[in-house]
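Asks: sharing a model that was predicted from the sequence below.
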Amino acid sequence: MPQNQLNPTMFGVPDGRGVRRFAAGLAFLSLVALSVTAWIFFDVAREQEIVARIITHLPQSDMAVVEELSGDLQLRSKLSLLLVLNIVGTAIAFALVVRGYVTSEQSLRDAQVLATDIRASLDGGIITTDQEGRMTSLNPRGRELLGLSEDDGEGMTPSQAGSEHALLDAICHEVNQHQTPIRDRDYTILRNGYEHTLRAGCTRLKNQRNEAVGTVIHVRDVTERVLMEQRLRRMERYMGLGSLAAGLQHEIKNPLSALSLHLQLLGEHVSQNSPDVETQELLDVLHTEVTRITHVLDSFRNYASVNELGRSWVDVATLIEKLVRFLHPQVKKQNVIVKVELPPQSLGSIEADSGRLEQVLLNLALNALAAMPDGGTLQFRLSRIQDSLRIDVSDTGNGIPMEIQSQVFDPYFTTRNDGTGMGLALCDKIVRQHAGSIDFRTSPSGTEFSVMLPMEGNG
């Protein structure tokens, strides 16, 4: 079956064979009537010729009977009229049948074309299956989502198109077994090295006689929607965490300052009495831990800060070039190659807080370098998408494991022994303060973070 062609009999739609049979039957009956009329016409004509020959041999006394018989046989003109009327009626009836047939065929073709156009225009995939779960038709979007070519699909099960689509087989079986529709079942697939979230549903497919002939599967790519939902959940968490961070920073800072001061005094007192090595080591440990707690509190303060942004006109391309120069010693030490892709023409400036935006780029770059301890490629890419400026920072590390991907923007979540877990959380907060968004795509061959900043009204 061609890619966009529908099978009308699957949905109980007449395919034109009934109309053709009716037209053929009517034409046959008309021809039979015409043949019978013609046969009668010629038979009467032959009888009239016989009567005419008999008249020439009859006496004058029998002429009255002969004329009466001849009058009874004067049906030729009437039969001629009947024959003409029969021919005209048959022609009209046949023309009407042909016209009706052509009209019904054209209407059927128009309905098929309309249905095909609608299916082809849908943003979601529409797949029909028979009762055994084999696909009977797919619209173009369905083929795209299943990764099938134009010649593949019919006669296959969704899982045969790819094991990642096994969920579609499962929901088809469930619908056929329980006879209830299924909605919004999510599963993930890998396309071009990135994960996409597909949302599928399934209902029973019935014909005009209300007989189940298979199932209809609808599939949508909801990757962007899922990312948006994740952003909303992060914002909800951050609203509570921001208040908590501010409270903790205030409550702990004062006792910690007193502890630090008394620790310093204790160190001075001990040093005057020639302390032993063990005592000095204990004091160093206390000093180190107090310093570490101070750094954590500073992260609390930065995260909970509600200060207004110091906005100014910022050329992001210049920020990236400045950051590359700053990172040069580190990338050289790690044997990392830095690539910068800037548009041939300047994208202009945006109104932003230069210092905080630079902090975002630095945190993303440092995370990328941490993912490539044995070398790799760090890439910065700048582009414009509609009214937004897009900044991509990518690495060629091992990617982010699936089990922690939902936590990377959470405050205090880190997989590094020397990390505070606040880097990406601060990045997300700063970007949101700029009315932008930050997301990432990851695979075993690397990770790419994308920052979108609005350029409306910017030069």
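Replies: Cool, the structure landed. Everything quoted here is computed from the prediction, not taken from an experiment.
Asks: list the buried residues in stretch 312-330.
Replies: 314, 316-317, 319-320, 323-324, 327 (16 or more other CB atoms under 10 Å). Quick note: C-beta positions are derived from backbone N, CA and C, even for glycine.
Asks: SS state for residue 104?
Replies: helix (DSSP: H, G, I helix; E, B strand; the rest coil).
Asks: which pLDDT value goes with it?
Replies: Note for residue 104: predicted pLDDT of 76.
Asks: got it, and residue 267?
Replies: In this prediction residue 267 is given a pLDDT of 77.
Asks: surely it and residue 285 touch.
Replies: No - the pair residue 267 and residue 285 does not pass the contact test of CB atoms under 8 Å, sitting 12.0 Å apart.
Asks: so what's residue 162 up against?
Replies: Applying CB atoms under 8 Å, 6 or more residues apart in numbering, we find residue 162 in contact with 146-147, 189.
Asks: quick check: of the residues you listed, which has the highest neighbour count?
Replies: Most neighbours among those, by other CB atoms under 10 Å: residue 146, with 25 neighbours.
Asks: domain assignment for the protein?
Replies: Domain ranges of the chain: 8-121, 125-221, 227-304, 311-454, per automatic domain parsing.
Asks: let me see the mean pLDDT of the second one.
Replies: Same thing as domain 125-221. 86.
Asks: now do the helices in the stretch 301-450 of the chain.
Replies: 316-333, 354-370, 423-433 (DSSP state H, counting those that start in this stretch).
Asks: how far does the second one sit from the chain's center?
Replies: Centroid displacement of helix 354-370 relative to its chain, using CA atoms, centre = their mean, to the nearest Å, is 32 Å.
Asks: before we move on, what about the longest one?
Replies: Centre-to-centre, helix 316-333 and its host chain are 38 Å apart (CA atoms, centre = their mean).
Asks: name whatever forms a beta bridge with the closest residue to residue 156 other than its chain neighbours.
Replies: Nearest residue to residue 156 in three dimensions, chain neighbours excluded: residue 135, at 5.6 Å (CB to CB, 6 or more residues apart in numbering). Residue 135 has the following beta-bridge partners by DSSP bridges: residue 129.
Asks: kindly provide the distance from residue 135 to residue 195.
Replies: 24 Å (CB to CB, to the nearest Å).
Asks: hang on, the earlier thing: from the buried residues of stretch 312-330, pick the one nearest residue 106.
Replies: Closest approach between those and residue 106, by CB to CB: residue 316, at 59.0 Å.
Asks: ranges for the strands of the chain?
Replies: 125-129, 135-138, 182-191, 194-206, 212-221, 311-314, 336-341, 350-353, 376-385, 388-394, 437-443, 446-454 (DSSP state E).
Asks: in the fifth one, what's buried?
Replies: Of all the residues in strand 212-221, those buried under the rule 16+ other CB under 10 Å are 213-221.
Asks: low-scoring stretches of the stretch 201-350 of the chain, by residue?
Replies: Judged by pLDDT under 70, the stretch 201-350 of the chain has its weakly predicted residues at 231, 233-251, 275, 299-308.
Asks: in CSV: the strands of the chain, plus distance to residue 46.
Replies: Below are the strands of the chain laid out as CSV (distance: least, CB to CB, whole Å):
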stretch, distance to residue 46
strand 125-129, 65
strand 135-138, 63
strand 182-191, 78
strand 194-206, 63
strand 212-221, 61
strand 311-314, 110
strand 336-341, 100
strand 350-353, 105
strand 376-385, 93
strand 388-394, 96
strand 437-443, 95
strand 446-454, 98
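Asks: do you know which of the helices of the stretch 301-450 of the chain lies nearest residue 28?
Replies: helix 423-433 (78.9 Å).
Asks: and that closest one, what's buried?
Replies: 423-431, 433.
Asks: for residue 128, state which of those residues is nearest.
Replies: residue 428 (42.8 Å).
Asks: I figured that closest one hits residue 439, correct?
Replies: No - taking contacts as CB under 8 Å, residue 428 lies outside contact range of residue 439: 9.6 Å.
Asks: OK, contacts around the nearest residue to residue 189 once chain neighbours are set aside?
Replies: Sequence neighbours aside, residue 164 is the residue nearest to residue 189 in space, at 4.7 Å (criterion: CB to CB, 6+ apart). Counting by CB under 8 Å, 6+ apart, residue 164 touches 187-190.
Asks: reformat the residues you listed into TSV and put distance to residue 395 next to each item.
Replies: Putting those into TSV (distance: CB to CB, whole Å) gives the following:
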residue	distance to residue 395
187	27
188	22
189	23
190	19
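Asks: now those: which count as buried?
Replies: 187, 189.
Asks: residue 270 and residue 378: what is the separation?
Replies: Taking CB to CB, one finds residue 270 at 47 Å from residue 378.
Asks: between those two, which one's more packed in?
Replies: Using other CB under 10 Å, the more surrounded residue of residue 270 and residue 378 is residue 378, with 25 against 15.
Asks: do you know the pLDDT at that one?
Replies: Looking at residue 378, the pLDDT reads 95.
Asks: dump the residue contacts of it.
Replies: Contacts of residue 378 (CB under 8 Å, 6+ apart): 327, 331, 336-339, 365, 368-369, 372, 393-395.
Asks: need those residues in CSV (columns: distance to residue 346).
Replies: Listed next are these as CSV, based on distance: CB to CB, whole Å:
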residue, distance to residue 346
327, 23
331, 25
336, 27
337, 25
338, 21
339, 19
365, 22
368, 25
369, 28
372, 30
393, 20
394, 22
395, 26
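Asks: what's the closest of those residues to residue 160?
Replies: Nearest member of these to residue 160, counting by CB to CB, is residue 394, at 34.3 Å.
Asks: with adjacent residues omitted, what lies nearest to the closest one?
Replies: Spatial nearest neighbour of residue 394, excluding adjacent residues (CB to CB, 6+ apart): residue 448 at 3.8 Å.
Asks: tally of neighbours for the one you found?
Replies: 19.
Asks: how close does it sit to residue 213?
Replies: 45 Å.
Asks: ok, residue 409 next?
Replies: 47 Å.
Asks: tell me, how many residues neighbour residue 183?
Replies: Neighbours around residue 183, by other CB under 10 Å: 11.
Asks: list the contacts of it.
Replies: Counted by CB under 8 Å, 6+ apart, residue 183 has contacts residue 201.
Asks: likewise for residue 28?
Replies: For residue 28, counting by CB under 8 Å, 6+ apart, there are no contacting residues.
Asks: show me which of residue 135 and residue 195 is the more surrounded one.
Replies: More neighbours surround residue 135 than the other of residue 135 and residue 195, with 27 against 15 (other CB under 10 Å).
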